[in-house]
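Student: structure of the sequence below:
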Amino acid sequence: MYVRNVEASALVDALAVELQARVLTGAIPSGARLRQEAIAEEFGVSRTPVREALRKLQAMGVVVLEPHRGAIVRGPTSHEVREAYDVRAELEGYAAELASVRIQDSQLRALRDAVALFRRSCESLVARRDRDSGWSAADIRTWTRANDEFHQQVQQAAGNERLRATIADLHLSFPRDLTAIVLKESSRLLEQNVDQHAAVLEAIERRDAPAARRLMVEHVHTAGALVTLRFEQRERAVR
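Tutor: Numbers count the residues shown, from 1 in each chain. Predicted structure coming up:
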């Protein structure tokens, strides 16, 4: 009986982790309804572990279980978004400060490559908008990966694993595509984002720790303000 219970618990945990990952990557959007029968069929399990996994996600704040509607993916509030970006700005600013002092030549080359990759990603998205073809979910994932690469290279160059783990833990609270969803509406904002990445790189290249920190803090706060505004507008619309 004990072994069976352990196996059941592991299955519930695995289902919860997979569903949370899909929410965080944007594969399952905020407001989506998670149907127990569909999930059970996809994973080839009974509805019991699915039900327990959804309860686990509710405790984590990922979904809300509503009567007669089932599990609804919960989007963060504007207040939660603002708080998260405030903390993230300070943490990533500190990472940029450390990186400007500790970065090695190979890491600097990797950071330059990340900035170039991000620039190409944004140029491609602007071109798609100019052709009126719009952004697909794949486009958003590509932009998000390019953006993440830049920030991860800075954090790696900082050489502080506790700091990097803390930033990663903060990211687990929110979908990774929040900024992309907002920026996709404006070519000017996309270009501004590219310029901000380049400015952080230049400060790190100069080994200017105060400037690197200040520029990264400003960069994250800019993105946070845009995302927070969008959530505030959404909240007013549903009142």
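
Student: helices of the protein, residue ranges please.
Tutor: Under the criterion DSSP state H, the chain contains helices at 2-25, 36-43, 47-59, 78-102, 105-130, 137-158, 161-171, 178-183, 187-205, 209-237.

Student: show residues contacting the second one.
Tutor: Right, helix 36-43. If you take Cβ atoms under 8 Å, 6 or more residues apart in numbering as the criterion, helix 36-43 is touched by 15, 18-19, 46-47, 50-51, 54, 70-71. Heads up, the C-betas are built off the backbone N, CA and C, glycines and all.

Student: so for Leu65, which of the helices of the chain sits nearest?
Tutor: helix 47-59 (5.2 Å; Cβ to Cβ).

Student: elements contacting that closest one?
Tutor: Secondary-structure packing of helix 47-59 (3 or more Cβ pairs under 8 Å, 6 or more residues apart in numbering; DSSP states H and E): helix 2-25, helix 36-43, strand 63-66, strand 70-73.

Student: surely Pro29 touches Arg22?
Tutor: No: if you go by Cβ atoms under 8 Å, Pro29 and Arg22 don't touch, sitting 9.7 Å apart.

Student: could you single out the most deeply buried of the helices and strands packed on helix 47-59?
Tutor: Using mean count of other Cβ atoms under 10 Å, the stretch among those with the largest mean neighbour count is strand 70-73, at a mean of 19.

Student: that one pairs with which strands?
Tutor: Its sheet considered, strand 70-73 pairs with strand 33-34 (antiparallel), strand 63-66 (antiparallel) by DSSP bridges.

Student: now the ones you listed in TSV, with distance to Leu91 and mean pLDDT?
Tutor: Output for these, formatted as TSV (distance: least, Cβ to Cβ, whole Å; pLDDT from 0 to 100):
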stretch	distance to Leu91	mean pLDDT
strand 33-34	31	92
strand 63-66	27	89
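
Student: of all these, which lies closest to His171?
Tutor: Between those, strand 63-66 lies closest to His171; by Cβ to Cβ that is 18.5 Å.

Student: tell me how far the closest one lies from the chain's centre.
Tutor: Its chain's C-alpha centre lies 22 Å from the corresponding centre of strand 63-66 when counted by Cα atoms, centre = their mean, to the nearest Å.

Student: tally of neighbours for His197?
Tutor: His197: 25 surrounding residues under other Cβ atoms under 10 Å.

Student: and Arg22, what does it touch?
Tutor: Ile28.
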